[in-house]
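Asker: below: sequence and its predicted model.
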Amino acid sequence: MWETIRGYLTFTRKERYGVLFLLLVIGLLFILSRLFKPAVGDPDPDAYKQLVKATMDLDNRLRDSAKSSVGLERYEPRNRDASGLNHRTDENQVSIVMFYFDPNRASAADWQRLGLTPRLTQTIMRYIEKGGQFRKPEDLKKIYGIHTGDYKRLLPYVRIAEISDSFHNRIYSYGKGSPSGTPAKNIDSFAKTRSLIKGYGSDRAGKKPESINVNQADSAAWCRFPGIGAKLASRIVNFRGRLGGFYNIEQVGETFGLTDSVFQSIKYYLQLGPERIRQIDINSAGTETLQAHPYIRWKFAKMIVEYRNQHGAYHAVEELLQLALMDSAKFKKIKPYIAVK
């Protein structure tokens, strides 16, 4: 057996010479390929210019195609001068008028009179509507899309009233509160409008805010507290409705957007009324009804229904403690909102 294998592995003298010669040729070709690489030519300036020109032409064609197919304002061509001001190419261009303004109260028409495009104006108004505010003139840089030239041109004309409460700056809705006079007149007008809001600033005048029933107060009543605007007041009322009523004052502090500092400052003036909490019957409620409650997640709502389908109707709410996702702390939290009927 060994002799047979050895016969296959044994080479004659001529075969050994042939293998050595083949290895020599392979090594020689490898070395020659390293020594004689093709030289890379110098870049052709004319070819580079043609490439740049072709790229620009393609970009222009794509832009024209997008404009014709979509027709949105963002595809309208604009000319930019040395000051960085965007000029519309249509015939309805608004004449630019420079005047002192408060960016927290300027209307959409005011921003366009100052030379900003309608799209940038909408960005600013949405920023104000969502609770944003400008605390110093340099905050204009926070506007997404504003050009450096526009920023430098507007900066000397910014006059911001020194009012720290963010609620002051949110009493103006979209397109209202247009400042058109001097800074002093703007501030006086702002103070006059502020004084018309019922209950506003009562704590600063030395009067304590009136106590309210957290289960009966509407949005207007919540707005009388410092630090709570119309949007936050609406959130509190909506959260109360989804819960089915508050059974504890601390639940008010769970409202999205209500900071702990504001809640602690108004907590003393919040009271619970004798109203009954709206309860959910876990023997008849479906998954959608259960998961609509802020304290019940979809997975847990599904588990409540599946347990009921497998074991029959619940005899007591305490049976929920047998579910895997339920613990004593969570049960104590949702117990006032569930019932067995």
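Answerer: Received it, and whenever you're ready, just let me know what you need.
Asker: all helices of the stretch 151-300 of the chain, in order?
Answerer: Here the stretch 151-300 of the chain has its helices, by DSSP state H, counting those that start in this stretch, at 183-195, 219-223, 230-243, 260-266, 287-291, 298-311.
Asker: so what's the gap between the second one and the chain middle?
Answerer: Right, helix 219-223. Here the centre of helix 219-223 is set off from its chain's centre by 26 Å, with Cα atoms, centre = their mean, to the nearest Å.
Asker: distance from stretch 261-271 to the middle of the chain?
Answerer: Relative to its parent chain, stretch 261-271 has a centroid offset of 28 Å by Cα atoms, centre = their mean.
Asker: could you measure residue 265 against residue 227, distance?
Answerer: For residue 265, the distance to residue 227 equals 7 Å [Cβ to Cβ, to the nearest Å]. Just so you know, the C-beta spots here come from the backbone N, C-alpha and C atoms, and that holds for glycine as well.
Asker: now do residue 286
Answerer: According to Cβ to Cβ, residue 286 and residue 227 sit 39 Å apart.
Asker: with neighbour numbers in mind, choose between those two.
Answerer: It is residue 227, of residue 286 and residue 227, that has more neighbours when counted by other Cβ atoms under 10 Å, with 15 against 11.
Asker: pLDDT score assigned to the more buried one?
Answerer: Residue 227 is assigned 86 on the pLDDT scale.
Asker: doesn't residue 260 make contact with it?
Answerer: No. Counting by Cβ atoms under 8 Å, residue 227 stays clear of residue 260, with 11.3 Å between them.
Asker: dihedrals phi and psi, the residue most central in space within the chain?
Answerer: In the chain, the residue lying closest to the centroid (Cα atoms, centre = their mean) is residue 130, at 9.9 Å. When read as degrees, to the nearest 10, the backbone of residue 130 gives phi -80, psi 10.
Asker: relative to residue 213, how far out is it?
Answerer: 30 Å.
Asker: could you do residue 20 as well?
Answerer: Residue 20 sits 104 Å away from residue 213, going by Cβ to Cβ.
Asker: same drill for those two, tell me which one is more crowded.
Answerer: Ranked by neighbour count (other Cβ under 10 Å), residue 20 and residue 213 place residue 213 first, with 14 against 10.
Asker: pLDDT score for that one?
Answerer: 92.
Asker: which ones are touching the closest residue to it other than its chain neighbours?
Answerer: Nearest residue to residue 213, sequence neighbours excluded (Cβ to Cβ, 6 or more residues apart in numbering): residue 273, at 4.2 Å. For residue 273, the contacting residues are 213, 214, 215, 216, by Cβ atoms under 8 Å, 6 or more residues apart in numbering.
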